[in-house]
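[1] fold the following, please.
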Amino acid sequence: MRKLFLSGVLASVALPAIAADMPLKAPRPAEAIIADWSGVYSGFAVGGAWGREKLDRDVGLFDNPALSSSQLFGTSATRIFESNVLIQPPFVMDTCLLSNCNTIKMSGIMAGGFAGVQKQWGNWVIGLEGSWDWLSLKKTLSSTEVSLREPIVRFEVVEGTPRLVDATANVTRTARVSAKIDQVADLRGKTGLTNVFFGPNVLLYGTGGVSIAHIQHSLTLTESTQRINPSTGANIGNPRTTEFDAVSGDTRLGWVLGAGFDWKVTPNFILGVLYRHHEFPKSTVAFSDATNSLGFGTSRVSLDSVQARASILFPIQ
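    Presented below is the predicted three-dimensional model:
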């Protein structure tokens, strides 16, 4: 009996000590908290863009009816009767300035700011965003042609009697065409998914809406006529140089579609990348100066861009 009692006492003392030396079971990890994308945000973006303008009339020939009706570089009757003068020949170039004669391609930097508001329901995020961007997209093309010993007409007044005299001249014609897109603004809806493919801190989204852009063109045509002796080729008198220089700008309303992703670095700081494609419908491209006017008909403009973005999110409940 005494041995049995002592064994029970020893067991009651030893068991707690053994239990104290046993390893403890690790606690269950806490459930991941889904980051809430609801809030108002604003930030800046910078990247590259490339644009294309498709004209419905070839650029470079300049021998269309618009030129003939405006009589580009023509000599006025007042000037004819004031003194002897060369009658400027038509401005006609055989070299096309552009690739495919009616396409202008340009590329450059696109940078600006944006702001928006969005709300999260489960894994879905719905929002509205506006943006404004400055662009450096510009393309300038030029060409020069020299026509040697071209037949022209000279108006002379001899002893008070006006008359037209056949003459010969070297004619130099230069054309310079420039196109640029310098501003774009968007208002876009936004629909995205989070915590589906890459976790709660990454948002994949599509976007689309309306867009407005400012597009500008410039045209400079220069023609210099130097009368020469048809036998020797020596210059006679001074050359006559005339220039047409005009700028045409317009603002076009179009549409935009795109896709992007955002990554929450912190609950409030977001980095992302956005791709957008813009389309702007037909608009007239026409030029005029003090005395002449001409045009390239209409054109369509498209614009693509990829930008890195950084923004601050201000949460809302």
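[2] would you mind measuring from residue 87 to residue 296?
    When CB to CB, to the nearest Å is the yardstick, residue 87 and residue 296 sit 27 Å from each other. Any C-beta I mention is one placed from the backbone N, CA and C, and that applies to glycine too.
[3] more neighbours: which of those two?
    Neighbours per residue, other CB atoms under 10 Å: of residue 87 and residue 296, the larger number sits with residue 296, 23 against 16.
[4] surely that one meets residue 55?
    Yes. Between residue 296 and residue 55 a contact is recorded at 5.1 Å, counting by CB atoms under 8 Å.
[5] what touches both of these two?
    Between them, residue 296 and residue 55 share these contacting residues under CB atoms under 8 Å, 6 or more residues apart in numbering: residue 285.
[6] run the chain-centre distance for whatever helix or strand residue 279 lives in.
    With elements taken from DSSP states H and E, the one containing residue 279 is strand 269-288. Put simply, strand 269-288 sits 6 Å off its chain's centre (CA atoms, centre = their mean, to the nearest Å).
[7] same check, this time on stretch 251-263
    Counting by CA atoms, centre = their mean, stretch 251-263 is centred 12 Å from the centre of its parent chain.
[8] so where does residue 261 fall, helix or strand?
    Mapping residue 261 onto the secondary structure by DSSP H and E places it in strand 240-264.
[9] the strand or helix carrying residue 186 pairs with which strands?
    Here residue 186 is covered by strand 161-194, with elements defined by DSSP H and E. Sheet pairing for strand 161-194, assigned by DSSP bridges, gives strand 124-158 (antiparallel), strand 202-227 (antiparallel).
[10] for residue 312, find the nearest of those strands.
    When the strands paired with strand 161-194 are compared by CB to CB, strand 124-158 sits nearest residue 312, at 14.2 Å.
[11] and the angle for the closest one with strand 240-264?
    Between strand 124-158 and strand 240-264, the angle comes out at 170 degrees (axes from the mean of the first three to the mean of the last three CA atoms, to 10 degrees).
[12] rounded mean pLDDT for strand 124-158, please.
    Predicted confidence along strand 124-158 averages 88 (mean pLDDT).
[13] so how far is that strand from its chain's centroid?
    Computed by CA atoms, centre = their mean, the separation of strand 124-158 from the middle of its chain amounts to 16 Å.
[14] now do stretch 194-212
    The chain centroid and the centroid of stretch 194-212 are separated by 23 Å under CA atoms, centre = their mean.
[15] as CSV, could you dump the C-alpha coordinates of that stretch?
    Listed next in CSV are the C-alpha coordinates belonging to stretch 194-212 (Å, rounded to 0.1, in the frame of the first residue of the first chain):
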residue,chain,number,x,y,z
THR,A,194,-8.6,42.5,-57.7
ASN,A,195,-7.5,39.6,-55.6
VAL,A,196,-8.2,37.1,-58.4
PHE,A,197,-4.9,36.6,-60.3
PHE,A,198,-2.2,38.4,-58.3
GLY,A,199,-3.6,39.0,-54.9
PRO,A,200,-5.5,41.9,-53.2
ASN,A,201,-2.8,44.6,-53.9
VAL,A,202,-3.0,44.3,-57.7
LEU,A,203,-5.8,45.7,-59.8
LEU,A,204,-6.3,44.7,-63.4
TYR,A,205,-8.7,47.0,-65.4
GLY,A,206,-10.1,48.1,-68.7
THR,A,207,-11.0,51.7,-69.5
GLY,A,208,-12.8,53.6,-72.3
GLY,A,209,-14.6,56.8,-73.0
VAL,A,210,-14.4,60.1,-74.9
SER,A,211,-11.2,62.0,-75.9
ILE,A,212,-10.3,65.4,-77.3
